[in-house]
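> everything below, folded, please.
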Amino acid sequence: MRKTFSKSFEELVAENKKQLLNDPDALRKIERKLENKQVDYSKKIN
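Numbers count the residues shown, from 1 in each chain. From the prediction side, this is the model:
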């Protein structure tokens, strides 16, 4: 039997986003991933 959730998907996303914004390590990790994607994208263009 599946567990029913009391929160909507949007509420879960908002809660997760709030937690990530309060976590400096997670923010650094996200920034590094974005920078790496930018570098990879710029290599493909050139």
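> let me know the helix or strand that residue 14 is in.
helix 9-21 (DSSP states H and E).
> what does residue 41 give?
helix 24-45.
> that helix packs against which elements?
On a contact count with 3 or more C-beta pairs under 8 Å, 6 or more residues apart in numbering; DSSP states H and E, helix 24-45 meets helix 9-21. Backbone N, C-alpha and C define where each C-beta goes, glycine included.
> dump the C-alpha coordinates for the helix it packs on into PDB.
C-alpha atoms of helix 9-21 as PDB (Å, rounded to 0.1, in the frame of the first residue of the first chain):
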ATOM      1  CA  PHE A   9       4.800  18.500  -4.800                       C
ATOM      2  CA  GLU A  10       5.100  22.300  -4.900                       C
ATOM      3  CA  GLU A  11       5.300  22.400  -1.100                       C
ATOM      4  CA  LEU A  12       8.000  19.700  -1.000                       C
ATOM      5  CA  VAL A  13      10.000  21.600  -3.600                       C
ATOM      6  CA  ALA A  14       9.700  24.900  -1.700                       C
ATOM      7  CA  GLU A  15      10.800  23.200   1.500                       C
ATOM      8  CA  ASN A  16      13.700  21.500  -0.200                       C
ATOM      9  CA  LYS A  17      14.800  24.800  -1.800                       C
ATOM     10  CA  LYS A  18      14.600  26.600   1.600                       C
ATOM     11  CA  GLN A  19      16.800  23.900   3.200                       C
ATOM     12  CA  LEU A  20      19.400  24.100   0.400                       C
ATOM     13  CA  LEU A  21      19.600  27.900   0.700                       C
END
